[in-house]
Every structure is written in structure tokens, then in C-alpha cells.
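In: Please work out how this folds:
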Amino acid sequence: MSKKLLGFVTATAVIFYVLSRMQISVSTGGVSAPQKTSEPVNSISLEFRKITLPYLRERTYESKLGNLEKYSENTQYTSYLTSYNSDGLKINGLITVPSTGSPPWPAIIFIHGYIPPASYKTTANYNSYVDYLAKNGFVVFKIDLRGHAKSEGVASGAYYSGDYIIDTLNARAALFGADFVDQAKIGLWGHSMAGNIVFRSLVALQDIRAVVIWAGAVYSYEDMQKYRISDNSYQPPPQESERRKKREELRNTHGDFNPTSDFWYQVVPTNYLAGVGGAVQIHHAVDDGVVNIGYSRDLMEILDDTKISHELFEYPSGGHNLTGLSFTTAMQRTVEFFKENL
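Out: Next up is the predicted model:
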């Protein structure tokens, strides 16, 4: 082959490769962002595969409830301490069962927001939330994510680990074996960092019917770069902790979040919305000083381009925990949403 012809063939191959990685915009004459050609999930180490949506979708979730130990009782519901298995770890939780109506009842898996793991207590957090939902006829399973209270394992964080999603979906599997729970009517509720957890859970298991998020954060991961999080209660893990070491290993292996990275593309739930069913309801106070309401508004814009049913309720006050009048209104809307969509 002549040098001239060889040069032409080489140039043509280069052009073809470049065009295959881009989408040319005819209407604007510009070039949009490169289209992702995600690397096969099996080419990533198992430790980091667990973070990705392909892994969370391909694996199975199996568990069952442990013994129920009565903790408290009133005329409207009874609460029990219990546990379940999540990938070999004993995860504890408080399950609250209505006294009104007849079983099986619809159920809500209740995921807590960030609380310093050493300070978190099974029976001391979110009592008013659980009380409101249980009084309205829902079984409420408030789980202690791994590494919190007496749950086994390491508190690995929500945004750079798949552990909490796995704990959530194994909790769902555990409820399938409870004869007092309607298996077809199990929803998810999450606050703050748990917004990311329950949303990624919804995307991982596409048959989840309803998700409610209060003051949630981090969906596209680009939003985290934009808004950050201002949580004065946050306690960084110790320098020699397993969590910090894993985070540093992740950064050394795949770098910080980059939307053009094939690896990070597989972590972002908003990249996998096609075919997701269910409905999403979000509540957020404009004066939230911890999680910017921009997180919720941006997610709404993304969901506008999907078939996923979604709605955002904004409150002028109430802060990060939606206190005062905002709490009552948000709870009423939460109950109505679950009753309509489960």
C-alpha cells in the first residue's frame, strides 16, 4: 500500500472513531457531550463494582426478619426491635405495626439521614415521623444502616458506596416474608443523604412503586459539585479508618467524579432512568441550610424528560427537618401519596 493511501486510511479511521464518540447536533451546528460507552461492569474490581447501577441491578436481594422483641405499645400501634441479614451482616431496626385495620398492611422502609454513627440510636431518632405514618395504617420499618447503633459493618457513607442501597433492598426482601405486610405495597422513605439511597434503590429495582424524599441530596453527582452540603454535624471518619482508606483507594483508582468517565457514568442513577417505574414525591424547604433546594429542583427537571411520575413540594420555612407547620403538611401529603401509589 502506498504511503499516500495508507495516510488516507489512517486519517479516515481516526475520524470514524472520533465521530463514534460524539453526537453531532445538526440543528445548532455544535457538538454535544460525548456519548457514554460504559465499560463492562465486570472489568471493574468487585469493591468498586458494588457502587455501580449495573451491579446493583444484576445482583439478588434475599433476607428475612429476625425475632420481634416488643419495645412499646399504645392503642394505635406496637413497635418491635428486630433485625435482618444484609450480605452477612446483622442489621437492626425498629418495626412498627398498626393496631387498626387488618393485615396485611402496606409498608414503608424508613431510611435515616446522616447522623454521626456513634450518636445514632435505634429508638431515639425520627420518632414523630414513624408515629405519624404508623397511625395512618402503615407498617414502618426504620432500619439502622450498617455501622450505626449496633448494626454490624462499617458506616461507609451514601454517595461513594453501594452498601446502604444493599441494606435497603435487603430490608425490602426481609419484609416479603412477613405475613403482616402486603408484599405488593412496600414503599421507601428517605431524608437528607437517604434521598440518594432511596432514589438509587428505585433505579436499581425498577418495580418499586413509590418513593418519598425529604430534603434529599445528590442525584446527578454534578449537582454535588454545584451545591455541596453544609452539615455542621458531619464528623469525618478517622484518618486510619476503613471508610477513609476505601475512599482514597477509589479516588486513586478512578479519580474524583467526572461525568465523562465511564466508571462514574455507571454510578450516577440519573443515567439509568429508562424503564424505571414507580412514582417520586419530594419535599424541600427553601430555607434548608444543609441541603440546597437546588438538588430537588434539578432532579425535577431531569425527571420531566422521563415517564416517571414525580412532584416537588416546596416550603418557605421548616429548615432541613421540615419542622413546624411544614412538617404536618409534608406528612399529610406523604401519607396521601403512599396511599395512592402503593
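In: which residues in the chain form helices?
Out: For the chain, the helices defined by DSSP state H cover 3-20, 46-49, 53-58, 127-135, 163-175, 193-204, 222-227, 242-254, 262-265, 294-303, 325-341.
In: so which of the ones you listed comes closest to S156?
Out: helix 163-175 (4.5 Å; CB to CB). Where C-beta positions appear, they are placed from N, C-alpha and C, glycine not excepted.
In: contact partners of the closest one?
Out: Residues external to helix 163-175 that are found in contact with it (CB atoms under 8 Å, 6 or more residues apart in numbering): 50, 56, 61-65, 84-87, 91, 93, 107, 109, 111, 139, 141, 143, 145-146, 153-154, 156-158, 181, 183, 186, 188, 194, 197-198, 200-201, 204-205, 208.
In: Which residue comes closest to the residue nearest the centre of the chain once chain neighbours are left out?
Out: In the chain, the centroid-proximal residue (CA atoms, centre = their mean) is I197; its distance is 1.7 Å. Residue nearest to I197 in three dimensions, not counting chain neighbours: Y164, with 4.9 Å by CB to CB, 6 or more residues apart in numbering.
In: Kindly provide the distance from the nearest residue to S72 once chain neighbours are set aside to A285.
Out: Counting by CB to CB, 6+ apart, S72 lies nearest to S79, which is 4.7 Å off, once chain neighbours are set aside. For S79, the distance to A285 (CB to CB, to the nearest Å) stands at 28 Å.
In: So between these two, which is more surrounded?
Out: Neighbours per residue, other CB atoms under 10 Å: of S79 and A285, the larger number sits with A285, 26 against 23.
In: just to revisit the earlier point, please tell me the pLDDT value assigned to the residue nearest to I197.
Out: Y164 carries a pLDDT value of 98.
In: For N341, which residues are in contact?
Out: N341 neighbours (CB under 8 Å, 6+ apart): 187, 209-210, 278-279, 309.
In: contacting residues around the closest residue to A274 other than its chain neighbours?
Out: Sequence neighbours aside, T306 is the residue nearest to A274 in space, at 7.7 Å (criterion: CB to CB, 6+ apart). Remark: with contacts taken as CB under 8 Å, 6+ apart, T306 is in contact with 273-274, 276.
In: and what of Y160?
Out: Shown in contact with Y160 (CB under 8 Å, 6+ apart): 51, 247, 250.
In: Relative to V203, how far out is it?
Out: Distance from Y160 to V203, counting by CB to CB: 17 Å.
In: try A279
Out: The gap separating A279 from V203 is 13 Å, by CB to CB.
In: likewise E248?
Out: Going from E248 to V203 by CB to CB gives 27 Å.
In: So these two - more neighbours on which side?
Out: V203 (25 against 11).
In: Could I get the pLDDT score of the more buried one?
Out: pLDDT, V203: 98.
In: what's the answer for P40, then?
Out: 53.
In: Could you measure from the residue nearest to G162 when sequence neighbours are not counted over to K339?
Out: Residue nearest to G162 in three dimensions, not counting chain neighbours: K50, with 4.1 Å by CB to CB, 6+ apart. Distance from K50 to K339, counting by CB to CB: 34 Å.
In: Those two - which one has more neighbours?
Out: Of the pair K50 and K339, K50 is the one with more neighbours under other CB under 10 Å, namely 18 against 14.
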